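# have a look at this prediction, sequence included:
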Amino acid sequence: MSRPVVGGGVKKVLYALQTAQRIGLENTAKALTAHNTCKACGLGMGGQKGGMTNEAGEFPAVCNKSIQAQSTDIQPSIPVEVLTHSLADLRELDGYELEHLGRLATPIYKPKDSDCYQPIGWDEALDLAAARFAAATPQRSFFYSSGRSSNEAGFILQLLARAFGTNNVNNCSYYCHQATGVGLGSTIGTGTSTVELEDLDRCDFVMVIGANPSSNHPRFIHKLKGVRDRGGEVVIINPAKEAGLVRFALPKSVKSMLTGGDWIASDYLQPRIGGDMAVLKGLAKAVLSASAQDDAFISAHSNGFEAFRADIEATGWEEIEVQAGLNRTEIERVASLYSKAQSAVFAWGMGITHHLNGCDNVEYIANLALLRGQIGRAGAGLLPLRGHSNVQGIGTIGVKPVLAKEVLEKMEAAFGIDLPQDKGLDTMACMKTAHAGGMGAALLMGGNLFEANPDSRFAEETMDRIGFKLYLTTTLNKGHIHGCDQSEALILPVTARDEEWQPTTQESMFNFVRMSDGGITRLRTVRPESDILCDLAQRLLPESPIDFAAFKQHKTVRETIARIVPGLEDLADIDVAKREFHVRGRLLHTPEFHTLDGKASFVTRPMPKRHDGLWLTTVRSEGQFNSIIYERKDSYRGGIDRWSVMLNAEDLAEQGFQDGDIATLESDTGTMKDVTLRAFDIARGSVMAYYPEANCLTGTAVDPRSRTPAFKATAVTLRR
């Protein structure tokens, strides 16, 4: 890459300016400077220190993702005449066009025997929803939330579900970082980050594994540049050589812009898809061979080390090299950098978790940190890169199928009720139950569950077999117009975060709780999610001892959460004190692990079986956030469109193709026809295609422990 594409830079500045001009500079300034948490990634900015300021007080802390996210909120309402077109007409629009239709501003309903939506009044809509859930029964219902919603709305959602009689409560983490929660839970006893934002200013080594923060967490790139500026090392482990991870021109740095960008990666390993475990075992083997482990830390703060070392020593370099698709020299070179580090942070994304052994992968990242005592102290630790602004908070306040015993008991005591004790269904279990005809109703708060699922045909069939679907959303997406031919769908328009009628709270991936003021009025016909849920609860559960009407006051919700959920005690008066905080009791700067004996555990797992041939990983573009498409072309990958498939040039030639050819990509699950093949700097045997377009190829098999599908590892073939 003698002349690599550079991430960031003038083009991104101009794009941000064009976006701001399109939605109005005054509107943009108001949205970005108000005291509201950014609704994009979990890295976070905003809150009470100001909309463009992060928790460390750094200004300006804003990125392209923030502006893209705001651009869809600051849109006029969709005309009713558009909303009432047939489903067939609406399906002619792609994800980009649906997102840019405008804001949903009126409730709309599609009856079972209709092929189009029609406007419906708020009271009629809520009456209908309550009647349909009552008819479905708790056992045949599920409740789902994305990571966009507030802690307040999330708490009401899970309380409503459990008071109704079901623990079928889940969130989008089952399709992203659930493997992180399981893998960290089995090693260090907690499922969240062990570092604060400020720790990224103290470390001298960061390893980023299976993630592309240049596209998905641009603010994180600033921290990586800071590590390089301090003379530290940034190691990227990713099958694809992503331009923005090699070099990035930071818009807030004049020097960076003028010099053509800063070098981000000091070393870059490109393992084959599915080779993560082999790389991590190889790094551990090299550290042990150099006697660079921290014996004192291991002895004082861990269990299982001898079994772990025996397994590593028994694993030969030849097996590691074959499985990883890397040579020993490359792995030892990076291990040497890690061995010299004083304070190391490990960060990872869904390239680690989206595998049938995702939990195992996470455990071996934890093993590697424990090996040198790089956890439980300032400047070092583990950092799962959360993809949505409040996905961690949604889990913290109980939007999950199994609650901690302590939380469940406190909730029962607080309301004087008995809640269901059975284990609820995870997201894929809900989908498979629905596919078998076992779900009569679903409440979907935000997100796009249709396109979040693997196997697009399965997803569409499943959604249509749910008799009644209630959506809470700000804009339309494909999930609202697919999977509803033979079923009912009701869509209710909700306020965006900065439009909330009362302050709300969110939790960053650094365990930091922020408060958003809300208060901006754009559309007078939309309602907060919390109000909608409370109105639904009063209709569905009129005899409930829970005073859902009182929960329309967010202060009451926060006071209740503070009494019930350990660590969130400071939530009770956050609206008065204006004091944002770190969740109490999280594992951070002392090696006191949340396990029975207070020690961490080294975990030993076998390497997965190697599979030959071509293996697909689904990826996101720079102009995308989760399933939301802001731009059709990917500026960080040479401007290719979303119906492109990227392979190593040697693999293309071996398959009888060349760059620019048109082909069909197939898996056991489905087919992508007429894709454009593109040569890309990616490990041999690896294929990249865009999510959610390539979901038609991915299967519904899940990691047995996290229940997460393998979006990043699908066997595929090419044909003309």
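Okay, I see it.
# first-to-last residue distance for stretch 30-46?
Criterion Cα to Cα, to the nearest Å; first-to-last residue distance in stretch 30-46 is 13 Å.
# centre of the chain to that stretch, how far?
Between the centre of stretch 30-46 and the centre of its chain there are 17 Å (Cα atoms, centre = their mean, to the nearest Å).
# buried set for that stretch?
Applying a neighbour-count criterion of 16 or more other Cβ atoms under 10 Å, one finds 31-32, 34-46 buried in stretch 30-46. The C-beta positions use only the backbone N, C-alpha and C, and glycine is treated the same way.
# equivalent analysis for stretch 431-450, please.
Applying a neighbour-count criterion of 16+ other Cβ under 10 Å, one finds 431-435, 439-450 buried in stretch 431-450.
# surely S214 and F248 touch.
Yes. In this structure S214 lies within contact range of F248 using Cβ atoms under 8 Å: 5.9 Å.
# the more surrounded of the two?
F248 (28 against 24; other Cβ atoms under 10 Å).
# OK, contacts around the more buried one?
Under the criterion of Cβ atoms under 8 Å, 6 or more residues apart in numbering, the contact partners of F248 comprise 6-8, 214, 221, 225, 256, 261-262, 264.
# identify the residue nearest it in space, chain neighbours excluded?
Nearest in space to F248, with sequence neighbours left out and distances taken as Cβ to Cβ, 6 or more residues apart in numbering, is G7 at 4.0 Å.
# residues contacting the one you found?
Contact criterion Cβ under 8 Å, 6+ apart gives 214-215, 221, 242-245, 247-249, 261, 264, 636 as the residues in contact with G7.
# among those, name the ones in helices.
Among these, the members falling in helices (DSSP state H) are 214-215, 221, 243-245.
# can you name the two of these that are farthest apart?
Pairwise distances across the ones in helices among the contacts of G7 (Cβ to Cβ) peak at 11.8 Å, for the pair I221 and A243.
# what's around E406, how many residues?
Other residues near E406 come to 11 when the count uses other Cβ under 10 Å.
# what's the answer for V235, then?
Taking other Cβ under 10 Å as the neighbour definition, V235 ends up with a count of 23.
# assign it to helix, strand or coil.
strand (DSSP: H, G, I helix; E, B strand; the rest coil).
# ok, it touching V227?
No. Here V235 lies out of contact with V227, judged by Cβ under 8 Å, at a distance of 10.3 Å.
# which SSE is L382 in?
strand 381-384 (DSSP states H and E).
# ok, and what's touching that strand?
With contacts defined as Cβ under 8 Å, 6+ apart, strand 381-384 is touched by 177, 180, 184, 188, 192-195, 199, 345-349, 365-366, 369, 374-375, 509, 588.
# same deal with stretch 426-439?
Looking at what lies outside stretch 426-439 - Cβ under 8 Å, 6+ apart - the contacts are 136, 140-142, 144, 168, 170-172, 174-175, 178, 401, 425, 442, 449, 453, 458-459, 461-463, 465-467, 700, 702, 707, 709.
# tell me how far the closest residue to D276 other than its chain neighbours lies from I120.
In space, not counting the residues next to it along the chain, D276 is nearest to N361; the distance is 4.9 Å by Cβ to Cβ, 6+ apart. Noted for N361: a distance of 46 Å to I120, by Cβ to Cβ, to the nearest Å.
# can you check V169 too?
The span separating V169 from I120 equals 26 Å under the rule Cβ to Cβ.
# the two: which has the busier surroundings?
Remark: of V169 and I120, V169 carries more neighbours, 27 against 19, as counted by other Cβ under 10 Å.
# inside strands: which ones of the contacts of stretch 426-439?
Taking DSSP state E as the definition of strands, these contribute 141-142, 144, 170-171, 442.
# now for these: which two are most distant?
Of all pairs drawn from the ones in strands among the contacts of stretch 426-439, the widest gap by Cβ to Cβ lies between S141 and N171 and measures 15.8 Å.
# compare these two (neighbour count), which wins?
Taking neighbours as other Cβ under 10 Å, S141 and N171 compare with N171 leading, 30 against 24.
# got a list of what that one touches?
By Cβ under 8 Å, 6+ apart, the contact set of N171 is 144-147, 154, 391, 394-395, 399-400, 427.
# output the residues you listed as a markdown table; include the columns secondary structure and distance to G210.
What follows is those, written out as a markdown table (DSSP: H, G, I helix; E, B strand; the rest coil; distance: Cβ to Cβ, whole Å):
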| residue | secondary structure | distance to G210 |
| --- | --- | --- |
| Y144 | strand | 25 |
| S145 | strand | 25 |
| S146 | coil | 22 |
| G147 | coil | 19 |
| G154 | helix | 27 |
| V391 | helix | 17 |
| I394 | helix | 23 |
| G395 | helix | 21 |
| V399 | coil | 25 |
| K400 | coil | 24 |
| T427 | helix | 21 |
